[in-house]
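# Predicted coordinates and the sequence they were generated for:
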Amino acid sequence: MRVSVVGARGYVGGELVRLVLGHPELELVQATSRSCAGRPLGAVHPNLHHHSGVRFTAPEQLEPADAVLAAVPAGELAGVHQRLTSAARVVVDLSPDSRDPRTAPEPGYTLGMPELNRAALSGATRISVPGCMATAAVLALRPLVSAGLVDGEALVDARTGSSGAGTAPTTATHHPERQNALRVYRAAGHRHADEIARICGVRTRMTVTAVPLVRGVQAVVHARPPRPVSRAEVWDAYRACYAEEPFIRLVARRAGPHRLPDPQFLTGSNFADLGFDVDEDGARIVSVAALDNLMKGAAGGAVQSLNAASGIAERAGLEFPGLHAG
Amino acid sequence: MRVSVVGARGYVGGELVRLVLGHPELELVQATSRSCAGRPLGAVHPNLHHHSGVRFTAPEQLEPADAVLAAVPAGELAGVHQRLTSAARVVVDLSPDSRDPRTAPEPGYTLGMPELNRAALSGATRISVPGCMATAAVLALRPLVSAGLVDGEALVDARTGSSGAGTAPTTATHHPERQNALRVYRAAGHRHADEIARICGVRTRMTVTAVPLVRGVQAVVHARPPRPVSRAEVWDAYRACYAEEPFIRLVARRAGPHRLPDPQFLTGSNFADLGFDVDEDGARIVSVAALDNLMKGAAGGAVQSLNAASGIAERAGLEFPGLHAG
Amino acid sequence: MRVSVVGARGYVGGELVRLVLGHPELELVQATSRSCAGRPLGAVHPNLHHHSGVRFTAPEQLEPADAVLAAVPAGELAGVHQRLTSAARVVVDLSPDSRDPRTAPEPGYTLGMPELNRAALSGATRISVPGCMATAAVLALRPLVSAGLVDGEALVDARTGSSGAGTAPTTATHHPERQNALRVYRAAGHRHADEIARICGVRTRMTVTAVPLVRGVQAVVHARPPRPVSRAEVWDAYRACYAEEPFIRLVARRAGPHRLPDPQFLTGSNFADLGFDVDEDGARIVSVAALDNLMKGAAGGAVQSLNAASGIAERAGLEFPGLHAG
Amino acid sequence: MRVSVVGARGYVGGELVRLVLGHPELELVQATSRSCAGRPLGAVHPNLHHHSGVRFTAPEQLEPADAVLAAVPAGELAGVHQRLTSAARVVVDLSPDSRDPRTAPEPGYTLGMPELNRAALSGATRISVPGCMATAAVLALRPLVSAGLVDGEALVDARTGSSGAGTAPTTATHHPERQNALRVYRAAGHRHADEIARICGVRTRMTVTAVPLVRGVQAVVHARPPRPVSRAEVWDAYRACYAEEPFIRLVARRAGPHRLPDPQFLTGSNFADLGFDVDEDGARIVSVAALDNLMKGAAGGAVQSLNAASGIAERAGLEFPGLHAG
Amino acid sequence: MTVCPECQGQVSLPDTAMAAEIVVCEDCSSELEVVAVDPPVLALAPEVEEDWGE
Amino acid sequence: MTVCPECQGQVSLPDTAMAAEIVVCEDCSSELEVVAVDPPVLALAPEVEEDWGE
Ligand SMILES: NC(=O)c1ccc[n+]([C@@H]2O[C@H](COP(=O)([O-])OP(=O)(O)OC[C@H]3O[C@@H](n4cnc5c(N)ncnc54)[C@H](OP(=O)(O)O)[C@@H]3O)[C@@H](O)[C@H]2O)c1
Ligand SMILES: NC(=O)c1ccc[n+]([C@@H]2O[C@H](COP(=O)([O-])OP(=O)(O)OC[C@H]3O[C@@H](n4cnc5c(N)ncnc54)[C@H](OP(=O)(O)O)[C@@H]3O)[C@@H](O)[C@H]2O)c1
Ligand SMILES: NC(=O)c1ccc[n+]([C@@H]2O[C@H](COP(=O)([O-])OP(=O)(O)OC[C@H]3O[C@@H](n4cnc5c(N)ncnc54)[C@H](OP(=O)(O)O)[C@@H]3O)[C@@H](O)[C@H]2O)c1
Ligand SMILES: NC(=O)c1ccc[n+]([C@@H]2O[C@H](COP(=O)([O-])OP(=O)(O)OC[C@H]3O[C@@H](n4cnc5c(N)ncnc54)[C@H](OP(=O)(O)O)[C@@H]3O)[C@@H](O)[C@H]2O)c1
Ligand SMILES: [Zn+2]
Ligand SMILES: [Zn+2]
């Protein structure tokens, strides 16, 4: 399958390019950037130095391909959408634009989250990948909702690394300000809360903290069950949803330093780790999801969705398990 | 006032020594360590190299002083308590032992938290400094409780740097495991929750995460008011408690990268920053406290309490405001 | 090819296991650990959670295989060597023991560095992988020596992340001591200097600094040419050695933030990046090598050598290019 | 003494303000910023929140004071110099402009480095503080030169944290690019090398690496003595220069994790730590200097120089010793 | 077959299982200690408290 | 064929090369600016100084 990446200078775009180049069934046609047209990929993404002969091309030069993966900033999809749909039959969008009816350039985008709607994805030609925090929160919360374990609202406490902000330097991401930050930048309210609520069918309140990491999202979901629950019941809820999922791992060790999902082990990987604990009185479930925001939360999720849509083995090109001491 | 520090090889003990040496009214008599007796302070605490002629002495060699500041690990107070009380009229304990009736070597320890019981501290000779997470959580939560803004339970989400674990190396604090950790090491239940609940008079649920920092504690408290509240009401609640407090700063900027309390600016400082936000519907208050676990959360709080107990100006020796880009 | 890993609980061992599991031509037979026998791999290496059914086995239970990859600490090879050679025809050792005639359990170990002795490696059954700092320094220095560009001694300034110290926690690797360290722990003299000198045929002086990273080694080599040189001459020297090398990339950009080799882009990758600059007067060459100490500097180098020895495509199982913003 | 700070929004300016506010003999008159005039200091420097009633004023509003401390970017001094000299009798400049005859707005600036020219500073009214890397390198190198221990050229390997780049965000200081960087951004040649050479009277070659820290500079100087030397001789050389210096500490422990100067213990402090080692054959001296670039390397050095110039005790306002586990 | 004390999943013990042996629940990955063999009883490995910030 | 100003390697310019176009040296990966086409002349992209710690 011949694939182009639009927005390839960005962090998500760089991962898309890396994944396509390493994918057994995909072939990279073009990688676009307005500001770096003509330059080698390695000039921007040093990990891709000498990795491919492809150079950045201007988005205006987009040529026909089988699929286009688009990772432009929020608000920019409308401006390029016509070009994407002309170039390829399948469009996978990673921006928030296609996820919101108010900004979607056309209706009919399918949610790119195989764990939720694998069937609908099969054969889809317009795929919209959810955001990284929404992915983490939804993965953690949905099994609880499905099992009837959430009474009233859920609280989503999301923690995020700096790469979630993209490549544009600002004072907020200036290293001396960010390196040791524990920045509660959204204490109350967050647009992702609505997205999560919509997908999971339960009201959520959200708080977001920027933490001293480059990659990684961790969502800690606090939920009150309608009656006291045991750990075994929560295990059942998770297994009911994810027993067969290729990219979900249940992690809830009772000993050792690494007990619950920690994004440090998922850098570069498409896995999402899920785990939980329950208060002694059974009155609160604390559910934890970890993933790499640029992978399962963006580029990896997109390729997984493209695999699912195109009848390619879902794990193809996405086997990297992450590192210990990475 | 002549002061000795017991447990001076530790991180809290090292800060106690630094503070006593820089304090206009205190004089350092001894600094004890079993393992480093005879060695200069700088051999363990490089920042104190050549800073004082005092060397570590064995705790058995403890000489008379006006006050002893003790920072031994949990469970070790009983073994040294007799020696402390023999050496000095005033004992300030920083371990958890004196805070819990089951482990306190004698009754009558006064809580070392001037913000709560300044009057009781005046003239006190047995002072027990609360833990760093409890300090942060209590400072954030108590004004809400006092103002009747907490309905039911409160949720305390605490984040902590690695120095909270003390100086003993373990796999959990081994750098390759800890540098990029987002480790939810206590998802559900925590004995600090009881301490906080006792002091604040409200049931709390707690989750604790180790984050990639050396110093710093941040407590994010989620509370539901009995009826929708405005930001102004919450401001009132905080001001009612802390308007005159020398070490409490209310921080809730609406612009710029640094809006809510972040421990990065408090390293080495005795200030505790407090701030908050309210959900749009007024149905949740998110309150944030930040402090340096070794300072306001331990050594600084101890010196502040000793100042308060001894009629010394409460800010004496504790003026360092912290750093920007530190 | 059926392969076992001895010392699989360690950081190098964990990477060996990961590489063998992802290698198209290798199959993991056993992974040994004395302390974790019976436990799943994921209990120690969270990235390998659910990745394989293999559990740790005691080294005493080592079964026949085609090759054994051994990553035990310095000084421990002799104690297990008999067991390794009984179990498998091919032994690849990653410890320093087999590299030094004084500690080698038997003569005849071949240096596991295909860039230097690919021919000798073909068919070898005893392979000794050089250390991570030596690998970096040798890769940077040897082309200069070969081209006659080093007059007198060379100075090797090595910088290393914390994973180079292995898994045993000590005060030196305790997170609060290590997180912000710029620790010149070997200012003068270093046993690696001899190893480098021996391989490159030039006297070297060495300084080693521990820097605030988990993974990564960077060697900065300062050399004086016998006469002023141009950049083009140095390019020639590097190309003469490495033009066809599968895992060497020459990196010397003149613009942008990332100009010379930086290990941050090589985490998890087997590539070594090499670059250089020349003083304006042509009187000093500064040559920079970067690699992942656990990969090209250990486990990756071992698998590359095993590939070369066994007639497997040298890049097999080692394609991961590293990450941008990782 | 009444003092104003020009360029107070910057990192150096923020430290100047903090030091003046905490100084027993200095009083802050004004703190200028073009972009933040009218705003409280805490809006930019969160550590100074509520610390003083002073707000930023526009540089055009500069009022008379006894001294002005100016920390504007390179190239900007000329534009404000007239205003500085009109406002105050004493001008201390921290930019590179006054250090270089080609850019100095007037001749007669005295080098602000009491360790070198304390006598000349007494009564000086134009003081130029050297750069942070130059300060570190000069402190390490000069004693060796004075003692005749440097034969030929010296090599200065400087490592720097990100705050050295000031407050302007760029891709180079964008957190995802910088957090794990080991960036040899000046391998060969550097204009500081000339400054160092000029002050020390010996040719130097320089390499500069950006390391994963916010604060701190470390200079590692490699020098060849004309004949083999012993450690004792080098100790003598350092003591001859610095025995009485209030802000120089000689650090060369033979045991423990912290043996040679490490900037991690100097954050916020005006001390410079110096140490060294000698190769076994006595043929190379490796000398290490560490300091806080914003303190001893800028704001602290400026206040120390102002103290020296004004007959104030040199340590006044500069007693903070730094932190352990900071 | 024995029941996992963590998740109530079915754990199949090897015939040769001995007391103190560690078995792993396939369902939840818990490491379980065989505390008795006849009838088989499994127990969770004891939780070790880690404490920061006392 | 033109000579790379960085490494003296041979750089083949496309026939359509225009002034100000960027070409990449296959040998050293340098990005080179076409400053003239007839005869072709290549120049290194200007180095931008980065400065920390002035
Ligand atoms: N970062 C994450 O963790 C994450 C996670 C999930 C989803 N996302 C979403 O993924 C998208 C990309 O995120 P990112 O972090 O990779 O952003 P980024 O680093 O800012 O990259 C944006 C890319 O889009 C290109 N671009 C910008 N405006 C364009 C336009 N009008 N037309 C064509 N190309 C344009 C940019 O290159 P040129 O300027 O050179 O053209 C660049 O390649 C965003 O919508 C973001 O919300 C990000
Ligand atoms: N770290 C924090 O953030 C923090 C915050 C609030 C409260 N605290 C509490 O403060 C206390 C000290 O914490 P830390 O982090 O500084 O611990 P630490 O680094 O482990 O230091 C413990 C100190 O106690 C000494 N010591 C140990 N056992 C002793 C004994 N039986 N008799 C006499 N001295 C003994 C040790 O020195 P030798 O072994 O050389 O004698 C060392 O000086 C603990 O109770 C802790 O819970 C810590
Ligand atoms: N770390 C690096 O960057 C690096 C780079 C190049 C080379 N090396 C070399 O690679 C080797 C391993 O390094 P590492 O960092 O992975 O060390 P490590 O983390 O300490 O691991 C050592 C491994 O060896 C096992 N082990 C220890 N003593 C043993 C014995 N007597 N018999 C059998 N197994 C034993 C340990 O497991 P149990 O204790 O559970 O048995 C563990 O699996 C060392 O020789 C090191 O010098 C390391
Ligand atoms: N950072 C270090 O480690 C370090 C060490 C030694 C020396 N230095 C030197 O110290 C100086 C300041 O460095 P920095 O890192 O603090 O820089 P910075 O963070 O960029 O701050 C520069 C300051 O100057 C002000 N400014 C800029 N242009 C101005 C103008 N034309 N007129 C008046 N004010 C102007 C800025 O505020 P507004 O834009 O709001 O006016 C800001 O307050 C530089 O010359 C630098 O080379 C820095
Ligand atoms: Zn189970
Ligand atoms: Zn070239």
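In hand now; what should we look at? Ligands and ions are numbered 1, 2, ... in the order given.
# And for the closest residue to chain C within the stretch 101-250 of chain A, the neighbour number?
Closest approach between the stretch 101-250 of chain A and chain C, counting by Cβ to the nearest Cβ: residue A:163, at 4.5 Å. All C-beta atoms are positioned from the backbone trio N, CA, C, and that covers glycine. Around residue A:163 there are 32 other residues, counting by other Cβ atoms under 10 Å in any protein chain shown.
# Need the phi and psi values for it.
When read as degrees, to the nearest 10, the backbone of residue A:163 gives phi -70, psi -20.
# I'd say it and residue A:217 touch.
No - counting by Cβ atoms under 8 Å, residue A:163 does not reach residue A:217; the two are 9.9 Å apart.
# what's the average pLDDT for stretch A:262-275?
Averaging pLDDT along stretch A:262-275 yields 98.
# Does chain C have contacts with it?
Yes - Stretch A:262-275 is in contact with chain C by Cβ under 8 Å from any Cβ of the partner chain, via A:262, A:265, A:266, A:267, A:268, A:269, A:273.
# what's near enough to touch the fourth one?
When you say that, I think you mean residue A:267. A:215, A:216, A:292, A:322, A:323, A:326, C:267, C:323, C:326 (Cβ atoms under 8 Å, 6 or more residues apart in numbering or on different chains).
# residues near whichever residue of the stretch 1-150 of chain A sits closest to ligand 1, how many?
Going by Cβ to the nearest ligand atom, ligand 1 is nearest to residue A:10 of the stretch 1-150 of chain A, at 2.0 Å. With neighbours defined by other Cβ under 10 Å, the count for residue A:10 comes to 25.
# for residue A:233, same thing?
Residues lying near residue A:233 (other Cβ under 10 Å) number 18.
# Which helix or which strand is home to it?
helix A:231-242 (DSSP states H and E).
# Show me what that helix is packed up against.
Here helix A:231-242 touches helix A:132-146, strand A:248-250, strand A:272-278, going by 3 or more Cβ pairs under 8 Å, 6 or more residues apart in numbering or on different chains; DSSP states H and E.
# Just the buried subset of the contacts of residue A:267, written out for PyMOL, thanks.
Buried residues among those (16 or more other Cβ atoms under 10 Å in any protein chain shown), as a PyMOL selection:
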select buried, (chain A and resi 215+216+292+322+323+326) or (chain C and resi 267+323+326)
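# so of the contacts of residue A:267, which ones are in strands?
Nothing among the contacts of residue A:267 maps onto strands, per DSSP state E.
# tell me the contacts of the residue of the stretch 1-150 of chain A closest to ligand 1?
A:71, A:72, A:73, A:166, A:167.
# what's the pLDDT at it?
98.
# one step back: could you list the buried residues of the helix holding residue A:233?
Per 16+ other Cβ under 10 Å, helix A:231-242 contains these buried residues: A:231, A:232, A:233, A:234, A:235, A:236, A:237, A:238, A:239, A:241, A:242.
# So which bits of stretch E:15-33 are buried?
E:17, E:22, E:23, E:24, E:25, E:27, E:28, E:29, E:30, E:31, E:32, E:33.
# what's the spacing between the fifth one and residue A:135?
Spatial separation of residue E:25 from residue A:135 under the definition Cβ to Cβ, to the nearest Å is 27 Å.
# Please apply the same query to the second one.
As judged by Cβ to Cβ, residue E:22 and residue A:135 stand 34 Å apart.
# Residues in contact with the worst-scoring helix or strand of chain A on mean pLDDT: which ones?
Using mean pLDDT, DSSP states H and E, the weakest-scoring helix or strand in chain A turns out to be helix A:191-200, at a mean of 89. Helix A:191-200 is contacted by residues A:99, A:111, A:116, A:130-131, A:133-134, A:137-138, A:141-142, A:145, A:154, A:156, A:158, A:203-206, A:208 when judged by Cβ under 8 Å, 6+ apart.
# Mark which of the residues you listed are buried, thanks.
Using 16+ other Cβ under 10 Å, the buried ones in those are A:99, A:111, A:116, A:130-131, A:133-134, A:137-138, A:141-142, A:145, A:154, A:156, A:158, A:204-206, A:208.
# Tell me which of the helices and strands packed on helix A:231-242 lies nearest to residue B:283.
For the helices and strands packed on helix A:231-242, proximity to residue B:283 was assessed by Cβ to Cβ; helix A:132-146 is nearest, at 19.1 Å.
# what about the longest strand in chain E?
Per DSSP E, chain E has its longest strand at strand E:31-37.
# What's the first helix or strand after that one?
Counting by DSSP H and E, what follows strand E:31-37 is strand E:40-44.
# and of the contacts of residue A:10, the nearest to residue D:103?
Taking Cβ to Cβ as the measure, residue D:103 lies nearest residue A:167 of the contacts of residue A:10, at 34.0 Å.
# Checking the residue of chain A most remote from its centre next. Helix, strand or coil?
Distance from the centre of chain A peaks at residue A:281, with 33.8 Å (Cα atoms, centre = their mean). Here residue A:281 is recorded as coil under DSSP: H, G, I helix; E, B strand; the rest coil.
# re the thing from before, I'd like the helices and strands packed on helix A:231-242 laid out as TSV, including distance to residue D:88.
Shown next, in TSV, are the helices and strands packed on helix A:231-242 (distance: least, Cβ to Cβ, whole Å):
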stretch	distance to residue D:88
helix A:132-146	52
strand A:248-250	65
strand A:272-278	60
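# Let me have those in a markdown table, extended by distance to chain D.
As requested, these are exported to a markdown table (distance: least, Cβ to the nearest Cβ, whole Å):
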| stretch | distance to chain D |
| --- | --- |
| helix A:132-146 | 14 |
| strand A:248-250 | 25 |
| strand A:272-278 | 21 |
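# what's near enough to touch the nearest residue to residue A:121 once chain neighbours are set aside?
Leaving out its chain neighbours, the residue that sits closest to residue A:121 by Cβ to Cβ, 6 or more residues apart in numbering or on different chains is residue A:308, at 4.5 Å. When contacts are counted by Cβ under 8 Å, 6+ apart, residue A:308 touches A:114, A:118, A:121, A:122, A:314.
# list the helices and strands the helix or strand bottoming out on mean pLDDT in chain E packs on?
Ranked by mean pLDDT, DSSP H and E, the helix or strand of chain E with the weakest confidence is strand E:22-24, at a mean of 86. Where contact means 3+ Cβ pairs under 8 Å, 6+ apart, strand E:22-24 is packed against strand E:31-37.
# do the strand it packs on and chain A meet?
Yes - using Cβ under 8 Å from any Cβ, strand E:31-37 reaches chain A at residue E:31.
# okay, that strand in CSV with CA atoms only?
Taking C-alpha atoms only, strand E:31-37 is exported to CSV below (Å, rounded to 0.1, in the frame of the first residue of the first chain):
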residue,chain,number,x,y,z
GLU,E,31,2.7,-14.1,40.8
LEU,E,32,1.2,-16.5,43.3
GLU,E,33,2.8,-18.6,45.9
VAL,E,34,1.7,-22.1,46.4
VAL,E,35,1.1,-22.2,50.1
ALA,E,36,-0.5,-25.7,50.2
VAL,E,37,-0.7,-28.5,47.7
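# Given that strand, what are its sheet partners and their directions?
Strand pairing for strand E:31-37, determined by DSSP bridges: strand E:22-24 (antiparallel), strand E:40-44 (antiparallel).
# With distance to residue A:224 as added columns, please give those strands in TSV.
Below are the strands paired with strand E:31-37 laid out as TSV (distance: least, Cβ to Cβ, whole Å):
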stretch	distance to residue A:224
strand E:22-24	32
strand E:40-44	25
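# does the closest residue to ligand 4 within chain A sit in a helix, a strand or a coil?
The nearest approach of chain A to ligand 4 comes at residue A:176, 9.1 Å away (Cβ to the nearest ligand atom). Following three-state DSSP, residue A:176 is assigned to helix.
# any idea how far residue A:321 is from chain F?
31 Å (Cβ to the nearest Cβ, to the nearest Å).
# So that residue sits against residue A:268, correct?
No - contact criterion Cβ under 8 Å: residue A:321 and residue A:268 do not qualify, at 9.1 Å.
# who touches the least confident helix or strand of chain E?
C:38-40, C:55, E:11, E:13-14, E:17, E:30-34, E:42, E:45.
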